[in-house]
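Student: Below are the sequence and a predicted model for it; my questions follow.
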Amino acid sequence: MALSGAGNAGAPLFACRNIHLDLGGRQILHGVSLDVRRGEVLGVIGPNGAGKTSLFEVLSGRIQPKSGEVLFKGENITRLPLHARARLGVGRTYQTPVVPDELTVGETFKAARQAYKPYLTRFDAEYGAELVGLRVRDDEPTSQLETLNRRKLLLACLLMRRPPLLLMDEPAAGLINSEVDEIDHLIRLLSKEMEVAIIIVEHRIELLETIADRVMVMDAGEIISQGSLKDILADPRVHAAYFENVEEGALE
Ligand SMILES: Nc1ncnc2c1ncn2[C@@H]1O[C@H](COP(=O)(O)OP(=O)(O)OP(=O)(O)O)[C@@H](O)[C@H]1O
């Protein structure tokens, strides 16, 4: 485990350039560019419908953009599908933690270990479970797990392959405050001690305050502001976007 707090010097690990996306005949993303370095946490916020999830679909390879490039370690991976990007080390988590309901925890780990080659060992699964603090029996049906443990199980399955990049879509959705603290702690551990690069969509400003090195604000398919959380909260364009779209006070 590399112990380095300043892990984000140097070239970006992951980037996208000038992404345009159309869905259902509508322009959804207009020229979005971003980058993230090892050990860096980039927060993404924006009102409902801003295009955050659509951007994640493009970054993870579930959807092909109309134009623009996605780069990983300097290689153009724009045409690689989701599973090929996963093999390269692009990990993605979803807003809703959907676990395989018909499997037990142990069976889920086994399926994840053998999802693609090289197959991983039980030790890798134990490493993932230990990292996220998952403490449930192997024979427990995943359908019985609470939201936090579902999230931990899915994260453990991802992390056992030691991905250098995580795309996290609202990892604290559906959790109570003490549980959010656990996720917050885990994100800091992954980024600051293990140098994982993380792009995170998160509505909770208080969570971003503790974990994000930079924040990017989207509105109507574009980036309207980026910088430190303090800077973007002081940006009139950000206030305008929120107050036009959600009830007053949401940003506070
Ligand atoms: N398959 C689709 N076909 C047409 N329009 C779509 C499709 N998927 C998303 N959209 C539209 O794209 C826009 C961006 O949606 P997206 O879900 O990416 O926003 P978001 O910022 O993630 O919103 P939220 O915070 O509510 O999850 C919305 O106007 C949405 O209606």
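Tutor: Cool, got the structure.
Student: make it CA atoms for all contacts and neighbour counts henceforth
Tutor: OK.
Student: The closest residue to the ligand within the stretch 101-250 of the chain: how many residues sit nearby?
Tutor: Proximity of the stretch 101-250 of the chain to the ligand (C-alpha to the nearest ligand atom) peaks at G221, 6.9 Å away. In terms of burial, G221 registers 22 neighbours under the definition other C-alpha atoms under 10 Å.
Student: you'd agree it is up against G51?
Tutor: Yes. Under the criterion of C-alpha atoms under 8 Å, G221 makes contact with G51 at 5.0 Å.
Student: circling back: residues in contact with the residue nearest to the residue of the stretch 101-250 of the chain closest to the ligand when sequence neighbours are not counted?
Tutor: Beyond its immediate neighbours in the sequence, the residue positioned closest to G221 (C-alpha to C-alpha, 6 or more residues apart in numbering) is L29, lying 4.1 Å away. By C-alpha atoms under 8 Å, 6 or more residues apart in numbering, the residues touching L29 are 19-22, 51, 54-55, 220-222.
Student: follow-up on the earlier one: quick one: the residue of the stretch 101-250 of the chain closest to the ligand and A240, what's the gap?
Tutor: Here the criterion is C-alpha to C-alpha, to the nearest Å. By it, G221 lies 15 Å from A240.
Student: same check, this time on V98
Tutor: Separation of V98 from A240 (C-alpha to C-alpha): 35 Å.
Student: For these two, indicate the residue with more neighbours.
Tutor: Neighbour comparison, V98 and A240: the larger count goes to V98, with 14 against 10 (by other C-alpha under 10 Å).
Student: thinking again about what came up before, now do the contacts for the residue of the stretch 101-250 of the chain closest to the ligand.
Tutor: Contacts were defined as C-alpha under 8 Å, 6+ apart; by that measure G221 touches 27-30, 32, 50-52.
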